[in-house]
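In: sequence and predicted structure, then a few things I'm wondering about:
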Amino acid sequence: MGKQVYLNLGRTILMRNYMKYLAFFTVILLLVACSEANSSGGDNSADSIGEENDSYKFATVLMTLSSEYWQMHKAGAEDAAKEFGISLDVLGPADETQFEEQVKIVEDQIASGADALIIAPSLPEAMLPILNQADNENIPVVLADADVEEFEDKVTFIGTENYDAGKLAGEYISEQLEDGDKVAIIRGQLGAKVHDERTNGFQDALKDKNIEFIVQDAQSDRVKAVNIMENVLTSNSDVKVVFATSDEMALGAYQGLENNNRSDLPLIGFDGTPDGLQAVQDGKIIADIAQDPYQMGYMAIEAAYKALQGEEVEKRIDSGVNVITNENVEEEIEKINGYLGD
Amino acid sequence: MEERIKNVEEQIEIKQEAVIPPEKEGRKWSPKTIVDKFGALFGLIGLSIIMTILAPTFMTVDNLMNVARQASINALLSLGMLLPIITAGIDLSVGSILALSIVMGGLVTVTWGMSPIIGLIALLVIGALAGLINGLLLTKLRLPHPFISTLGTMNVYRGLALIITGASPIFGFPLLMNYVGQESISIVPVSFILVIVVAIIMHIFLNRTATGRYIYAIGGNKEAARLSGIPVDRVLIIVYTVSGFMAALGGLVLIGRTNSASPIAGLTYELDAIAAVIIGGASFFGGVGTVIGTLIGALIIAVLRNGLNLIGTSSDLQTVVIGVVIILAVFVDVLRRKGAKK
């Protein structure tokens, strides 16, 4: 008898707890969401910039926010938003491979009434249907970093001319190579246009040298690049130069070289991220083809703003690259610290 | 001999009784059974209310249709995943099956230029075939747990998808293949209608057919099921084949949504599917899980992502919130079970 009473009591307590946990969780979720919605300024990745009663609300949707490259783009976009008095959300999926998630974010931004969209699509063609929808609703779209060529109604495409930039890298290293040398190219996702163009530009610059290229896909991942570099050194120990189509991979490649005591090999990176520039300063990378994501972010907001004001915007804007070597690396680092600082 | 057969039949009878879902044991609508049966639904409603408060645009028809569209792929994968999980198994390969089936569909229709109907059939057959292989590996090779067989095929199928396409995405699908993912009937996305139809079929399959009941029986106790004459191997093969088929259906939706078939599509989708099934009240120990719960689980994830996007929350934080929801959902389940036992 007594046992039964205790059991019943126990059950009641458990049920009560259960409801308590539910309530607790609801409150937590509310708090988290509220603090997110109200946050302004600071290091959060999706702050709203500017006054609440701003006339325009823009959304910048990047491939991801989890790299310094995209953080610089974000900094440029936010500075421009501040200058033009625009309220801006900067969003992106947790990883560059999540292209469907990125489509969802754009859909949600259209639903929440963005006045203009700035998009850096990770799989451009996948973005096409939703871009057409945005166009149907008369929302101006600026493409940044990667173009969607089939989408003709964009305001503009702002980005690095990747083929030219790759060519610049090839020209830079050209004199250190002899006829028939082996060159390793560690590139991002096969089929990703940006990496195709960089690779092609680099190869074309070295066309008349009869170079044997060893091209490997490290999917823009630092750790994968380490393994690939090690494997390349094992199978082709006479490789003369390494070109990585992003800094993340260049840093991984350096690790691979170092693990095999071959850190003397000339290594060229691409992007100009703070880590990459640091590596140039430390002599790990001899040259870094630096893009200007800050400029890209800034110009994209500016272009969208101009379009809404009815001003003319060029259909293709090159945000430019610089070859960074140990001669000019300090200047570049100072410039970037300035961007990320505020 | 005859007696033995009769004996086995009796055992099956007993097993089936034990396996029949509890709703048949009499409908008592005490507050506790309501919470038990519809806990996840309350979660979904509560969540929607919170989102409505935080994001004024959440409760608009346009946005709700967005949620329905965005939930579709995961819902289809989750409904497939439900079966292995009910049998106390798992299918880690669904994301890769999705990729393999869509690139096969792309190969047939875009590269080879065959009729979209053949492409559609190829896509679905490849999905089912990939699932069938999972089932055969598990039952014929006697691999100890589907975690291992499907972890293996997850890599194999992904690799095949990359090899088939040379790692490049395929674009430009014919209208028929895009239809499900892209179009709406009036305002309701076709993809969501597909989800509902499939869910109804799945519900009937699980609750009204012998095979459906065997699936629960195997999850309850595999050895007992075997002893009572249930063709365990055959049922498991069906389970994994259906799971593969559902992944291909999800792929069909993805083709329309992104207008493309990328070999890296569906990365980590298996995790979202598992999450939806578990949030929907299924148990990793098998024998438990419902279609309606799974559907609600998928909707909870979609509402969370959509709502947090509308508020402008970073995807990093979204990941945290979804993780917390999974843990809480299972924790509540554990409490409930404890309560029920005492």
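Out: Thanks, I have the structure now. Numbers count the residues shown, from 1 in each chain, chains lettered A, B, ... in the order given.
In: rest of the way, CA atoms for contacts and neighbours
Out: Fine.
In: tell me which residue is most central in chain B.
Out: residue B:78 (1.8 Å; CA atoms, centre = their mean).
In: isn't it right next to residue B:277, touching?
Out: Yes. Here residue B:78 reaches residue B:277: they are 6.0 Å apart, a contact under CA atoms under 8 Å.
In: common neighbours of the two, please.
Out: Common neighbours of residue B:78 and residue B:277 are listed as B:294, B:298 (criterion: CA atoms under 8 Å, 6 or more residues apart in numbering or on different chains).
In: helices of the stretch 51-200 of chain B, start to end?
Out: B:61-86, B:94-106, B:116-140, B:146-165, B:175-182, B:190-208 (DSSP state H, counting those that start in this stretch).
In: give me the below-cutoff pLDDT ranges for chain B.
Out: Within chain B, the segments meeting pLDDT under 70 span B:1-38, B:337, B:339-342.
In: what residues does the stretch 51-200 of chain B have near chain A?
Out: Residues of the stretch 51-200 of chain B lying near chain A by CA under 8 Å from any CA of the partner chain: B:54, B:57-58, B:62-63, B:66, B:70, B:166-169, B:171, B:182.
In: top of those residues by neighbour count?
Out: Highest neighbour count within those: residue B:70, with 29 neighbours (other CA atoms under 10 Å in any protein chain shown).
In: from residue A:113, how far out is that one?
Out: 18 Å (CA to CA, to the nearest Å).
In: residue B:309 now?
Out: 12 Å.
In: which one of the two is surrounded by more residues?
Out: Between residue B:309 and residue A:113, counting by other CA under 10 Å, residue B:309 is the more crowded of the two (25 against 14).
In: what's the helix or strand for that one?
Out: helix B:291-311 (DSSP states H and E).
In: how many neighbours does residue 193 have?
Out: With no chain named, the answer covers chain A. 19.
In: the intended chain is chain B.
Out: Residue B:193: 17 surrounding residues under other CA under 10 Å.
In: swap in the one 5 residues further on?
Out: Residues within reach of residue B:198, counting by other CA under 10 Å, total 19.
In: distance of the residue nearest to it when sequence neighbours are not counted relative to chain A?
Out: Closest residue to residue B:198 apart from its sequence neighbours, by CA to CA, 6 or more residues apart in numbering or on different chains: residue B:76 at 7.9 Å. Look at residue B:76 and chain A: by CA to the nearest CA, to the nearest Å, they are 15 Å apart.
In: repeat for residue B:248
Out: Taking CA to the nearest CA, one finds residue B:248 at 16 Å from chain A.
In: can you name the residues that contact that residue?
Out: Residue B:248 touches B:97, B:98, B:101, B:102, B:123, B:124, B:126, B:127, B:128, counting by CA under 8 Å, 6+ apart.
In: next SSE downstream of the helix or strand hosting it?
Out: Residue B:248 is part of helix B:232-258, with elements assigned from DSSP H and E. Of the helices and strands lying after helix B:232-258 in sequence (DSSP H and E), the nearest is strand B:260-261.
In: that following strand and chain A, any residue contact?
Out: Yes. Between strand B:260-261 and chain A, judged by CA under 8 Å from any CA, the touching residues are residue B:260.
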